[in-house]
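K.L.:
below: sequence and its predicted model.
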Amino acid sequence: MGYRQLTQDERYVMARLLRQGYSYRAIALALDRSVSTISRERSRNATRHDGNYRAEKAHQYALARRRRTRKGSQFSEQEWAEVARLLERKWSPGQIVGRRQMLRQPSMSKESIYRYVRRHRREGGQLWRELRILSKFGRKRRGSPATRGRLVGKRHISERPAVVQRRRQIGHWEGDTVMGADQRHCVLTLVERVTGYLVMKKLVARNKEQAATALARAIEQLQSRVRTITLDNGTEFHDYERVEQASGVKFYFATPYHSWERGTNGGCQKFCV
């Protein structure tokens, strides 16, 4: 398997484990990465003024470095125009790369072509519409490892008490964040599994600080009517332990990309504003 860049989620997990004193080997095991990858990431992307590793800064450094060294930048406008022409003829990025290699021409990667199409789209272009499978543009690739929401110590949904699954006891909730159709507004939703009672809290931003504050506020208002909360694996819920310690409510997490495991609150993706 070829080398893969660390994702932003993995950098957040790595930063947290470093703060807790975990070794590079333990972090590599938790992230299913090599020890050399963790060591290299720490040395290359530590905050420059104090040498500490902060996930947000590390991700910014990595993206900036990638932009400076991006392979696609070595190709001329004429070569990218040829790529665009072939895309308009419904060639796939893989076919374009294969053709250039067969003709012994310098070739960009498939990923570079997809980045070119995304950049073209952001600038108002329509080249992305020429891709043969529009619905899959930008989606997680089949067979790629699931890295979403990795955080050591989460309770898996399979650990929930059986009474939760049978819906025989009030006080077990499912939560999620929902983005508005304008991609700016966001709310936290909590649904009680027996009664279907819905609680909604507006978030200023979709991040862990806002989500933790909204969860704490909802639990306080519901008082003793919250026993457990089951969430998805979004990074906005990575501060759940602070809420759990303050409230005593146990949190559980569904399997990544298995929203149906939270059937009461797993289907809605957008709301209108």
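P.N.:
Looks like it came in fine.

K.L.:
gap between the spatially closest residue to E241 that is not a sequence neighbour and R132?
P.N.:
Counting by Cβ to Cβ, 6 or more residues apart in numbering, G153 is the residue found nearest to E241 once chain neighbours are left out, at 7.6 Å. For the C-beta atoms, the positions are set from N, CA and C on the backbone; glycine is no exception. Distance check for G153 against R132: by Cβ to Cβ, to the nearest Å, it reads 42 Å.

K.L.:
more neighbours, these two?
P.N.:
Remark: of G153 and R132, R132 carries more neighbours, 12 against 9, as counted by other Cβ atoms under 10 Å.

K.L.:
thought the more buried one was touching R89?
P.N.:
No: counting by Cβ atoms under 8 Å, R132 does not reach R89; the two are 10.7 Å apart.

K.L.:
now stretch 203-222: buried residues?
P.N.:
203, 206-208, 210-216, 218-219, 222 (16 or more other Cβ atoms under 10 Å).

K.L.:
send me that stretch as CSV with only the CA atoms.
P.N.:
Included here for stretch 203-222 are C-alpha records, laid out as CSV according to Å, rounded to 0.1, in the frame of the first residue of the first chain:
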residue,chain,number,x,y,z
LEU,A,203,-24.8,26.3,16.9
VAL,A,204,-22.7,29.3,15.9
ALA,A,205,-20.2,26.9,14.2
ARG,A,206,-19.9,23.2,13.7
ASN,A,207,-17.1,22.5,16.0
LYS,A,208,-16.4,20.5,19.2
GLU,A,209,-16.6,23.6,21.5
GLN,A,210,-20.0,24.6,20.2
ALA,A,211,-21.4,21.0,20.2
ALA,A,212,-20.2,20.3,23.8
THR,A,213,-21.7,23.6,25.0
ALA,A,214,-25.1,22.8,23.3
LEU,A,215,-25.1,19.2,24.7
ALA,A,216,-24.4,20.4,28.2
ARG,A,217,-27.1,23.0,27.9
ALA,A,218,-29.6,20.5,26.7
ILE,A,219,-28.8,17.9,29.4
GLU,A,220,-29.1,20.7,32.1
GLN,A,221,-32.6,21.7,30.8
LEU,A,222,-33.8,18.1,30.5
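
K.L.:
list of residues touching that stretch?
P.N.:
By Cβ atoms under 8 Å, 6 or more residues apart in numbering, the surrounding residues in contact with stretch 203-222 are 175, 177, 179, 186-188, 190, 199, 201-202, 226, 229, 234-240, 242-243, 246-247, 249.

K.L.:
show me the contacts for the closest residue to K154 other than its chain neighbours.
P.N.:
Ranked by Cβ to Cβ, 6+ apart and with sequence neighbours excluded, the top spatial neighbour of K154 is F253, at 4.6 Å. Under the criterion of Cβ under 8 Å, 6+ apart, the neighbours of F253 are G149, K154, R155, H156, I157, T230, L231, D232, N233, F237.

K.L.:
among those, which one lies nearest to E79?
P.N.:
Nearest to E79 among the contacts of F253, counting by Cβ to Cβ, is G149 at 38.8 Å.

K.L.:
residues near V164, how many?
P.N.:
Applying other Cβ under 10 Å, we find 20 residues neighbouring V164.

K.L.:
pLDDT score for it?
P.N.:
V164 is assigned a predicted lDDT (pLDDT) of 90.
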